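Colleague: Sequence first, then the predicted structure, then my questions.
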Amino acid sequence: MARLATTGPDRIHARRWRALTLIAAAQFMVIMDTSIIGVALPRIRDDLGFTQDTLSWVFNAYVIAFGGLLLLGGRLSDLLGAKRVFAGGWALLAVGSLVAGVAGSVGVELAGRAVQGVGAALIAPAALTLLMMLFGNSPSELPKAFALYGAAAPAGGTAGVFLGGVITQYASWPWVFYVNIPVAVAVLAFTGSLMPSAPRRAGSIDLLGAVTVTLGLGVLVYGVVRAPEAGWGSGSTLLALAGGAALLAVFTLVQAKVRNPLIRLSILRTPNLAGANLAQLLMAAAWVPMWFFLNLYLQQVLGLGAFASGAALLPMTATIMLIMVGLAPRLIARFGAKTMTVTGLALLAVGMVWLSFARAGGSYVVDVLPASLVAAAGMAAAFIPSLGTAISSARPEEGGLASGIVNTSYQIGSALGLAAMTAVAAAHGSGQTGDVKALTNGFSAAFVGAAVLAAAGAAASLLTLRVPRPQAAGAGAGEEANDGALASAS
């Protein structure tokens, strides 16, 4: 922050918001990379030899590396400086995008997606740490910064579907990966001049913890994805699930024993932090399967082309942007973060249930549009307050850790939710690609399962999140902002 202080107030203000543009772009891109492949999946499957059941690994290879290494990314951000880690993450994302684009086989494609995920795991916590460095001491501006940052995530997810449709329809699927490269070059060009620097801190890196949590998540997701084909009671499924659980248990033990763990376990006892992260996890576990199967429904059941399928979800993006940027900060200030989180997750569940009634011979206007808008409104209402609560609950010096934890929660929820709903859909007929009725039944079952997860998130938030107690007179606006969990510096 010292570098920013050497300039005049107006220049500092303008530079800070330009830096936020890069930070929001980072969040937009790392989440877009989870969704941009959605419309292209059928062509990737045909060209590279994926099966319908293994196709979700184009998504999971990215998300597991992303989610599994986010805690390491947060730790590196605290030790090496968020600016350095941010830049390094973008370089890796560009390399992974190139590999994924030129891939001619399943193995190379998944390797490229994994490298993309590693880059994203460095970018995401560093971006949140940089945001707090820039706006953490400005309670009046922090809610606006969080609103723009928060809108970038689901907007990136939904906009990625549209962009993926345009690229797949008018170019070729490798360009859904190549599009990251010029963006990465542009971000790297401006990072040095716009982002605040922080000195290195003393400390070690818990590599054993990083390895065990990443392998644990990967093995666990593999077991869930393979279960419909191998059988839930088969030896391979039980071995994978037990192995994943054992690796995560080892990770927990390592965190309790090492001097400088990836995650200080006692931080989870911080009021509201665990509850807010649970809300993010269950929200992602419901939201990500929704767009994944909604894409397949639009193309495989309604018969829409790649461009039309992407365009069909643009109203969701508009809804998300309107609510997050225009309404969410005011609604949080009026009703509080807990009320908004619970209400948003409940609304998301309603939208999912509505989508489950989609028909094999349905139409976009009747079967998709209204339900998807309700789901988008719920997601938009819950995302910012739960994110803000998770970040602002931690101590300032653990900003990278808190950022890593909440991003990990979201990505773990994404991976496990999609794996579980893929299994549910397959068990109800989604693997029968030539049978429209069977496909619809499978997708409907996945929507119902996602609704259950969103409803569980609403219930968990109602039970675990606390409403801040009123402070002494004079706290005023600072307490209002804190009640929205968006003004941690107040």
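Modeller: The structure has been received and is ready for your questions.

Colleague: Report the separation between Gly404 and Ile263.
Modeller: Gly404 sits 8 Å away from Ile263, going by Cβ to Cβ, to the nearest Å. Backbone N, C-alpha and C define where each C-beta goes, glycine included.

Colleague: do the same with Met352
Modeller: In this view, Met352 and Ile263 are 31 Å apart by Cβ to Cβ.

Colleague: of these two, who's got more company?
Modeller: Per other Cβ atoms under 10 Å, whichever of Met352 and Ile263 has more neighbours is Met352, with 28 against 22.

Colleague: C-terminal to the one helix or strand the more buried one maps to, what's the next element?
Modeller: Per DSSP states H and E: Met352 is located in helix 337-355. Counting by DSSP H and E, the next helix or strand C-terminal to helix 337-355 is helix 369-392.

Colleague: what angle separates the helix or strand following that following helix from helix 369-392?
Modeller: Sequence-wise, the next helix or strand downstream of helix 369-392 (DSSP H and E) is helix 399-427. With axes from the mean of the first three to the mean of the last three Cα atoms, to 10 degrees as the basis, helix 399-427 and helix 369-392 are set at 150 degrees to each other.

Colleague: and helix 399-427, how far from the chain's centre?
Modeller: A distance of 8 Å separates the centroid of the chain from that of helix 399-427, by Cα atoms, centre = their mean, to the nearest Å.

Colleague: can you tell me which helix or strand the spatially closest residue to Leu373 that is not a sequence neighbour belongs to?
Modeller: Spatially, and ignoring its direct neighbours in sequence, Leu373 is nearest to Thr319 (5.4 Å; Cβ to Cβ, 6 or more residues apart in numbering). Assigned by DSSP H and E, Thr319 belongs to helix 314-321.

Colleague: tell me the angle that helix makes with helix 369-392.
Modeller: Helix 314-321 and helix 369-392 are oriented at 30 degrees to each other (the same axes, to 10 degrees).

Colleague: buried residues in helix 314-321?
Modeller: If you call a residue buried by 16 or more other Cβ atoms under 10 Å, then helix 314-321 has these buried ones: 315-317, 319-321.

Colleague: mean confidence score for that helix?
Modeller: Helix 314-321 carries an average pLDDT of 84.

Colleague: Which other helices and strands does it contact?
Modeller: Helices and strands touching helix 314-321, as assessed by 3 or more Cβ pairs under 8 Å, 6 or more residues apart in numbering; DSSP states H and E, comprise helix 142-170, helix 369-392.

Colleague: so how far is it off the chain centroid?
Modeller: Offset of helix 314-321 from its chain centre (Cα atoms, centre = their mean): 17 Å.

Colleague: Which other helices and strands does the next helix or strand after that helix contact?
Modeller: Using DSSP H and E, the helix or strand that directly follows helix 314-321 along the chain is helix 328-335. Under the contact criterion of 3+ Cβ pairs under 8 Å, 6+ apart, the helices and strands touching helix 328-335 comprise helix 142-170, helix 337-355, helix 369-392, helix 476-483.
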